[in-house]
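In: no sequence on this one, just coordinates:
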């Protein structure tokens, strides 16, 4: 199992990626833009097409994940999630346990990029992301 911070930005993620890879001596391991999502996954406006949907940066044995998030409720302070990448059974169990008293953002289900994925806010206000069956963390 792997736990990684996932930080969202308001349209300047590409600049963040360049800065963090330089300062931390990191390397981009995976990057997807919103326009790469299948049309049925979610609505992508023209303004979002070239923004970063997901990026994984590795540095000195650590992983930092970042993205552009244009939802109006996202502000500095609630722009970070804890992301767990593990096997499907463990992810399912942890997801549903943390969901008790919390709020589901995205159900733990098949993801268009492979494997399963789900998002929630636990009863303490912490945002969590779970990935299973995909090595893209």
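Out: Received, thanks. Every value quoted in this text rests on a predicted model; they were computed, and no experiment measured them. Numbering: from 1, shown residues only.
In: which residue packs closest to residue 108, ignoring adjacent ones?
Out: residue 118 (3.1 Å; Cβ to Cβ, 6 or more residues apart in numbering). (Each C-beta comes from the backbone N, C-alpha and C, glycine too.)
In: Beta-bridge partners for the one you found, please?
Out: Judged by DSSP bridges, the bridge partners of residue 118 are residue 130.
In: Relative to whatever helix or strand residue 29 lives in, what are the paired strands and their orientations?
Out: Following DSSP states H and E, one finds residue 29 within strand 27-33. Looking at strand 27-33 with DSSP bridges, its partner strands are strand 52-59 (antiparallel).
In: Any idea how far the partner strand is from the middle of the chain?
Out: With Cα atoms, centre = their mean, to the nearest Å as the basis, the distance from the averaged C-alpha position of strand 52-59 to the chain average is 9 Å.
In: helix or strand right after it?
Out: Where DSSP H and E defines the elements, the next helix or strand beyond strand 52-59 is strand 62-68.
In: could you give the mean pLDDT of that next one?
Out: Per-residue confidence for strand 62-68 averages out to 91 on the pLDDT scale.
In: mind starting the numbering at 13 from now?
Out: Taking 13 as the first residue, the last one we looked at is strand 74-80.
In: ok now it, how far from the chain's centre?
Out: On Cα atoms, centre = their mean, the centre of strand 74-80 falls 7 Å from that of its chain.
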